[in-house]
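J.: Take a look and give me a structure for this.
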Amino acid sequence: MSLNALTAISPIDGRYTSKTEKLQQYFSESALIKYRIQVEVEYFISLCELPLAQLQNFPTDKFQDLRNLYQNFSIDSAKRIKDIESVTNHDVKAVEYLIKEEFDNQNIKCLHWFNCQYNFIGEDDFWTNSALLEFESIDHLSKVFIKKISNSDIQALQVFNLTPKLPPKIIVYLFKLLRPIGYLLDCLIKNEIDISKLSNSGSKILPNKKQNNRFKNNNSKEKAYMINLLKAFKIAKYKDKNIIKSGREAYYEKYGTVAFRSVILTGGNFTYAGRFIGNPLIEYNAPNDTKGNWQALGIMEYSNPKKLYSLEKMPGYKKSLKHRDAGLEKTFNIYSIK
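T.: Predicted structure coming up:
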């Protein structure tokens, strides 16, 4: 039996429906479902913004996708809830399942989400966020971001395809056992960065004086994440012409191995290391200093920004710098927090 003025149980939905229909958006079953979704979504977003530890890496740009569930709510949305409820036999649980469906539809896993503070190496500060995401496919990635660009205030976007190249866990574990030595060296050795080595000459692998001073005067106690885009020379450019190595061997093997060990000894961690596959997948309004091909990405975590300067106190690090300078063609480094 269809609902009409003669079949309605209450005259509010029958005889007087023309007078009360505006109240349907507040008091109907559909309205109840809509506002339940709103409460669940906003509660989830509030937990992210605290942040709750388990949700601290959830990307903030996904909040609007969740809010669309109730802002774009329709009678079809209400029908979908009732379909789910017919299985769960629980109206509130059906709302939770609908929200879970939205997560599944996005099919995106956020591994890390960073708030970019400023460039440590590179030209003018530009990027506001950086993220490591897992997608089901390149096609899915492109569709999601193309939709994002057209339906948001995103001003620039750069997307790379990466394959992880993380060190063996046993090696990380062994280096962590040596951390007490690193802490002791950090306390005993006085170390000051030689500002004279830095310049404003446009070096592609070192910060200039302004960038160094800004970072050195950063007294934040928050963990610092240094996001590095890297590209090595084909042939390393040693001052000693008798040394012949590829840029990759000089930087990634000779310098990179020592740098990795030094980061761990200072109490830091390698958050991520990976190799880029091909050209950028998306390059939308990207600045010149991040455009083009890069070989590798490295993200280091330090307990606070000043720990970066403790690297030179670690065994072998200063000696390894000649391999960095000879092998690295260019880098782009952003200081970030989570």
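J.: low-scoring stretches of this protein, by residue?
T.: 1-5, 103-108, 136, 140-153, 191-203 (pLDDT under 70).
J.: I figured Asn269 hits Met300, correct?
T.: Yes: contact criterion Cβ atoms under 8 Å: Asn269 and Met300 qualify, at 7.4 Å. The way it works is simple: take the backbone N, C-alpha and C, and place the C-beta from them, glycine included.
J.: Could you tell me which residues touch both of the two?
T.: Val263 (Cβ atoms under 8 Å, 6 or more residues apart in numbering).
J.: what about these two, which has more around it?
T.: Met300 (25 against 16; other Cβ atoms under 10 Å).
J.: Setting the sequence-adjacent residues aside, check what's closest to that one.
T.: With sequence-adjacent residues excluded and distances taken as Cβ to Cβ, 6 or more residues apart in numbering, Met300 is closest to Met226, at 4.8 Å.
J.: For my notes, confirm that neighbour occurs in a helix.
T.: No: with DSSP: H, G, I helix; E, B strand; the rest coil as the criterion, Met226 is located in strand rather than a helix.
J.: Look up phi and psi at Gly292.
T.: As for Gly292, its main-chain torsions (degrees, to the nearest 10) stand at phi 90, psi -170.
J.: try Thr271
T.: According to degrees, to the nearest 10, Thr271 has phi -70, psi -40.
J.: what's the neighbour count on it?
T.: 19.
J.: From Ser86, how far out is it?
T.: 45 Å (Cβ to Cβ, to the nearest Å).
J.: Then Ile235?
T.: On the measure of Cβ to Cβ, Ile235 and Ser86 end up 68 Å apart.
J.: Of the two, which one has the most company?
T.: The residue with more neighbours, out of Ile235 and Ser86, is Ile235; 14 against 9, by other Cβ under 10 Å.
J.: and that one, bridged to which residues?
T.: On the basis of DSSP bridges, Ile235 is bridged to Ser246.
J.: longest strand in the chain, by residue count?
T.: strand 108-121 (DSSP state E).
J.: Mind listing residues that contact that one?
T.: So strand 108-121 is contacted by 57-60, 62, 125-135, 144, 204-207, 211, 214-215, 225-227, 271-272, 299, 331-338 (Cβ under 8 Å, 6+ apart).
J.: what do you get if the cut-off is 7 Å, keeping everything else the same?
T.: 57-59, 125, 127-135, 144, 206-207, 211, 214-215, 225-227, 271-272, 331-338 (Cβ atoms under 7 Å, 6 or more residues apart in numbering).
J.: Show the buried residues in these.
T.: With burial judged by 16 or more other Cβ atoms under 10 Å, the buried subset of the contacts of strand 108-121 is 57-59, 127, 130, 132, 135, 144, 206-207, 211, 214-215, 225-227, 271-272, 331-336.
J.: The residues you listed in strands, which ones?
T.: 130, 132, 135, 225-227, 271-272, 331-336.
J.: ok, of those, which one's closest to Lys34?
T.: Phe135 (30.4 Å; Cβ to Cβ).
J.: give the contact list for Ala273.
T.: Per Cβ under 7 Å, 6+ apart, neighbours of Ala273: 165-166, 298.
J.: From Ala78, how far off is it?
T.: 48 Å.
J.: ok so, going back, from the ones in strands among the buried ones among the contacts of strand 108-121, which is closest to Ser28?
T.: Using Cβ to Cβ, these come closest to Ser28 at Phe135, 38.5 Å.
J.: Look up how far Leu111 lies from that closest one.
T.: 11 Å.
J.: Next: Glu312.
T.: Distance from Glu312 to Leu111, by Cβ to Cβ: 30 Å.
J.: cool, and Gly247?
T.: Distance from Gly247 to Leu111, by Cβ to Cβ: 28 Å.
J.: quick one: which of the two has more around it?
T.: Gly247 (20 against 12).
J.: who's in contact with the more buried one?
T.: Gly247 neighbours (Cβ under 7 Å, 6+ apart): 232-236, 327, 329.
J.: who wins for neighbours among these?
T.: Counting by other Cβ under 10 Å, top hit in the contacts of Gly247: Gly327 with 27 neighbours.
J.: which ones are touching that residue?
T.: By Cβ under 7 Å, 6+ apart, the contact set of Gly327 is 232-233, 236, 247, 250-251, 255.
J.: Quickly name whichever of these is closest to Lys22.
T.: Once Cβ to Cβ is applied, the member of the contacts of Gly327 that ends up nearest Lys22 is Ala232, at 67.2 Å.
J.: tally of neighbours for the residue nearest to Lys318 when sequence neighbours are not counted?
T.: Of all residues not flanking Lys318 in the chain, Glu312 sits nearest, at 5.5 Å (Cβ to Cβ, 6+ apart). Look at Glu312: counted by other Cβ under 10 Å, it has 15 neighbours.
J.: Could you shift the numbering so residue one becomes 586, and keep it that way?
T.: Right, with 586 as the first residue, what we last looked at is Glu897.
J.: was I right about Glu897 contacting Leu906?
T.: No: between Glu897 and Leu906 there is no contact under Cβ atoms under 7 Å: 8.3 Å.
J.: tell me the contacts of Arg909?
T.: 836, 840.
J.: Can you classify it by secondary structure?
T.: Once three-state DSSP is applied, Arg909 turns out helix.
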